[in-house]
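*Asks:* Pasting the sequence and the predicted coordinates here, then a few questions.
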Amino acid sequence: MNRRYLMVQAVSLGSILGLSWWLTGSGGTLTGSAAAPDKVNLAIGYQVDPEWPRKPAGLEWGQMPGLYVDAKDQVWIFHRGKAPVQVYGQDGSLIRSWEDKGFKSAHHMKIGPEGNVWLADAGAHAVYKFTPEGKLLMTLGVPGQAGEDGRHFNRPTDMTITPAGDIFVTDGYGNSRVVHFDADGRFVKTWGKLGTAPGEFDTPHGIVVDSKGRLYVADRSNARVQVFEQDGRFLAEWRNLLVPWGLWVSKTDEIYACGSSPMRWGSGGRLGAPPKDQVLMKFNTEGRVLEHWTFPLSAMGEPGSLNWVHAVAVDSKGDVYLGDIQGSRVQRMVRLN
């Protein structure tokens, strides 16, 4: 047996072994006869609950900018229509609604540590504190008067309340700043101006506070989230991840942000209006993206689609509630683990 014949034998044997490995995937059994592996969903998902809420007949919603889930998992909404504040249970039933109180342009809402309801009325240049039943307790700003000092806002967008009672307001459409008040509503300080540098803003549109007292601001038209100490000291920015419209912080300090994918400026007056898609992201406090989802952008109103998502809230089970402007509704997205 000469050397050339041995080389041909080796090449042929190698080809057969290679073909066997390719057919079986790892050797042993041909692919055609192997059992298919189970399909395991490693990605978290959401499925819309089309039966939620059970809104009473004749109760029409307007644009839906404000949304909050309280400690009892009751869902509060603040919309631009009749009965502007409504509360729904987990079963979708209407628990309570408020009569019209003359709001000019509803925006974000919060439930404070003591259970009181905070509402930003961008059209009235005011922020209000109410009891859960709708009794007015405090007014920040001068309703009907725009300004940029310790007493006036210019179309404020959101507020957050610390456990100590301090109030931080994003004065975001007409001004570009954060305004700090103490628990009694006395002006403390303000920071920020129109710009792109750290600590500057272009449409600060939402604000939340975590368990350590750090503030997170949705700097919408700069396509970033900025992080601050309560004295206004800049800590970090999370850039080029989304155009944030609304924020939510969980009890374990997970930061949710809803909005759209990053965009460059077009012809619109606000970045992301209209959005090109609908995005929800979850971060840790260091800005690491933990989860990322997209939802269909549609003006047709199909269940599970969104149309200018504006607000996000999360209940104790991890189900997500999303309110949108053009869709004029809030939907429950059930978490699929």
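*Replies:* In hand now; what should we look at?
*Asks:* show me what contacts the nearest residue to R177 once chain neighbours are set aside?
*Replies:* In space, not counting the residues next to it along the chain, R177 is nearest to G192; the distance is 3.8 Å by CB to CB, 6 or more residues apart in numbering. Just so you know, the C-beta spots here come from the backbone N, C-alpha and C atoms, and that holds for glycine as well. For G192, the set of contacting residues under the criterion of CB atoms under 8 Å, 6 or more residues apart in numbering consists of S176, R177, V178, G199, E200, F201, P204, G232.
*Asks:* mind redoing it with 7 Å?
*Replies:* With CB atoms under 7 Å, 6 or more residues apart in numbering as the criterion, the residues that contact G192 are S176, R177, V178, G199, E200, F201, P204.
*Asks:* quick one: it from V169, how far?
*Replies:* Taken as CB to CB, to the nearest Å, the spacing of G192 relative to V169 amounts to 11 Å.
*Asks:* Find the residues that touch each one of the two.
*Replies:* Contact criterion CB under 7 Å, 6+ apart; residues bridging G192 and V169 by contacting each: V178.
*Asks:* Show me the strands in the stretch 101-250 of the chain, by range?
*Replies:* Along the stretch 101-250 of the chain, the segments classed as strands by DSSP state E, counting those that start in this stretch run 106-111, 117-121, 126-130, 136-140, 158-161, 167-171, 177-181, 187-191, 204-209, 215-219, 224-228, 234-239, 243-249.
*Asks:* Can you convert these into a markdown table and add a column each for mean neighbour count and distance to R264?
*Replies:* Putting the strands of the stretch 101-250 of the chain into a markdown table (neighbours: other CB atoms under 10 Å; distance: least, CB to CB, whole Å) gives the following:
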| stretch | mean neighbour count | distance to R264 |
| --- | --- | --- |
| strand 106-111 | 25 | 26 |
| strand 117-121 | 26 | 28 |
| strand 126-130 | 22 | 32 |
| strand 136-140 | 15 | 35 |
| strand 158-161 | 25 | 25 |
| strand 167-171 | 26 | 23 |
| strand 177-181 | 23 | 25 |
| strand 187-191 | 15 | 27 |
| strand 204-209 | 25 | 18 |
| strand 215-219 | 26 | 16 |
| strand 224-228 | 23 | 14 |
| strand 234-239 | 16 | 13 |
| strand 243-249 | 26 | 11 |
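*Asks:* could those strands go into JSON lines alongside mean pLDDT and distance to G147?
*Replies:* Supplementary listing: these in JSON lines, determined by pLDDT from 0 to 100; distance: least, CB to CB, whole Å:
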{"stretch": "strand 106-111", "mean pLDDT": "98", "distance to G147": "18"}
{"stretch": "strand 117-121", "mean pLDDT": "98", "distance to G147": "15"}
{"stretch": "strand 126-130", "mean pLDDT": "98", "distance to G147": "11"}
{"stretch": "strand 136-140", "mean pLDDT": "98", "distance to G147": "12"}
{"stretch": "strand 158-161", "mean pLDDT": "98", "distance to G147": "17"}
{"stretch": "strand 167-171", "mean pLDDT": "99", "distance to G147": "10"}
{"stretch": "strand 177-181", "mean pLDDT": "98", "distance to G147": "11"}
{"stretch": "strand 187-191", "mean pLDDT": "98", "distance to G147": "12"}
{"stretch": "strand 204-209", "mean pLDDT": "98", "distance to G147": "17"}
{"stretch": "strand 215-219", "mean pLDDT": "98", "distance to G147": "21"}
{"stretch": "strand 224-228", "mean pLDDT": "98", "distance to G147": "23"}
{"stretch": "strand 234-239", "mean pLDDT": "98", "distance to G147": "25"}
{"stretch": "strand 243-249", "mean pLDDT": "98", "distance to G147": "25"}
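*Asks:* okay, these in TSV with distance to V289 next?
*Replies:* What follows is the strands of the stretch 101-250 of the chain, written out as TSV (distance: least, CB to CB, whole Å):
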stretch	distance to V289
strand 106-111	23
strand 117-121	27
strand 126-130	31
strand 136-140	34
strand 158-161	22
strand 167-171	23
strand 177-181	24
strand 187-191	27
strand 204-209	17
strand 215-219	14
strand 224-228	11
strand 234-239	9
strand 243-249	13
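*Asks:* Can you pull out the low-pLDDT segments for the protein?
*Replies:* 1-34, 268 (pLDDT under 70).
*Asks:* Would you map out the domains in the chain?
*Replies:* Per the record's domain assignment (automatic domain parsing), the chain is made up of the domains 1-30, 44-336.
*Asks:* so P204 makes contact with D219?
*Replies:* Yes - with contact defined as CB atoms under 7 Å, P204 and D219 form a contacting pair (5.7 Å).
*Asks:* just to revisit the earlier point, distance to W76 added to the contacts of G192, as JSON lines?
*Replies:* Compiled in JSON lines, the contacts of G192 are given as follows (distance: CB to CB, whole Å):
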{"residue": "S176", "distance to W76": "28"}
{"residue": "R177", "distance to W76": "27"}
{"residue": "V178", "distance to W76": "23"}
{"residue": "G199", "distance to W76": "31"}
{"residue": "E200", "distance to W76": "32"}
{"residue": "F201", "distance to W76": "27"}
{"residue": "P204", "distance to W76": "22"}
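*Asks:* Okay then, goodbye and thanks.
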